[in-house]
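**Student:** Everything below, folded, please.
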Amino acid sequence: MFTALTRSPRLSTLSITVAACCEDRGLSYIPGTALLPLTRLSALTKLSVHSVHVDLQPADIAQLAAAWPHMQELGLANQFMYYGCPELDFHPSICIEDIYPFAERCPALRTLAVAVAGDIAPAVPCQNPRVARWSLRKLSLASSRFEEGEECARVAVFIREVFPAVCEEFHMLEEGAKSEIQELLL
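**Tutor:** This next block holds a predicted model:
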């Protein structure tokens, strides 16, 4: 899908918009593997995918993080929910712990938007001690959904340990879980 873009290896900023429309039964997500050709763009510092979620797998995250050590702003999640349109509802394939490679491999990362699920276990257990990435200031979990209680606590613990500077710039659309996670971060 994005192979033609890789002919510009010095490209540093890329914004992609994919049409998603409930009336058309359009896409609500693209597979994470669709982004893998972009790993050839090692100078990439800003990437945002608009209007759709990117359905990442842990292996996709490992490859993307390894390829983009200079990444500063990474937006891989739609910032909207498709209320009343189940065809466009999205359930992520990763959990919060699966985004750890971005902390480990992207030291300049300041902004991250990604959708994660609260009801799945990590594909690979996180190592301890974990790298704390103080550069990340803004984290958006977009339309991620978490059950209040244990799932929110798990998300808050991960953010506090791995992205400690995020506390003031944490966003997600689901207000109940967002409030609980923010309280746990303080």
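**Student:** Can you name the secondary structure element that comes next after the longest helix anywhere in the chain?
**Tutor:** Taking DSSP state H as the criterion, the chain has its longest helix at helix 150-162. Using DSSP states H and E, the next helix or strand after helix 150-162 towards the C-terminus is strand 170-171.
**Student:** What is that next one packed up against?
**Tutor:** Here strand 170-171 touches strand 138-140, helix 175-185, going by 3 or more CB pairs under 8 Å, 6 or more residues apart in numbering; DSSP states H and E. Using the backbone N, CA and C atoms, a C-beta is placed for each residue, glycine as well.
**Student:** how close does residue 121 sit to residue 95?
**Tutor:** For residue 121, the distance to residue 95 equals 7 Å [CB to CB, to the nearest Å].
**Student:** who has more neighbours, these two?
**Tutor:** Counted by other CB atoms under 10 Å, residue 121 and residue 95 do not tie: residue 95 has more neighbours, with 22 against 10.
**Student:** Leaving out sequence neighbours, find the closest residue to the more buried one.
**Tutor:** Residue nearest to residue 95 in three dimensions, not counting chain neighbours: residue 120, with 4.9 Å by CB to CB, 6 or more residues apart in numbering.
**Student:** is it true that residue 96 touches residue 152?
**Tutor:** No. Judged on CB atoms under 8 Å, residue 96 makes no contact with residue 152 at a distance of 10.4 Å.
**Student:** list residues touching both of those two?
**Tutor:** residue 118 (CB atoms under 8 Å, 6 or more residues apart in numbering).
**Student:** more crowded one of these two?
**Tutor:** More crowded of residue 96 and residue 152, by other CB under 10 Å: residue 96, with 26 against 21.
**Student:** what sits against the more buried one?
**Tutor:** 116, 118, 141, 154-155, 158-159.
**Student:** How many neighbouring residues does residue 72 have?
**Tutor:** Residue 72, neighbours per other CB under 10 Å, totals 20.
**Student:** pLDDT wise, what is it at?
**Tutor:** pLDDT, residue 72: 97.
**Student:** All set now, cheers.
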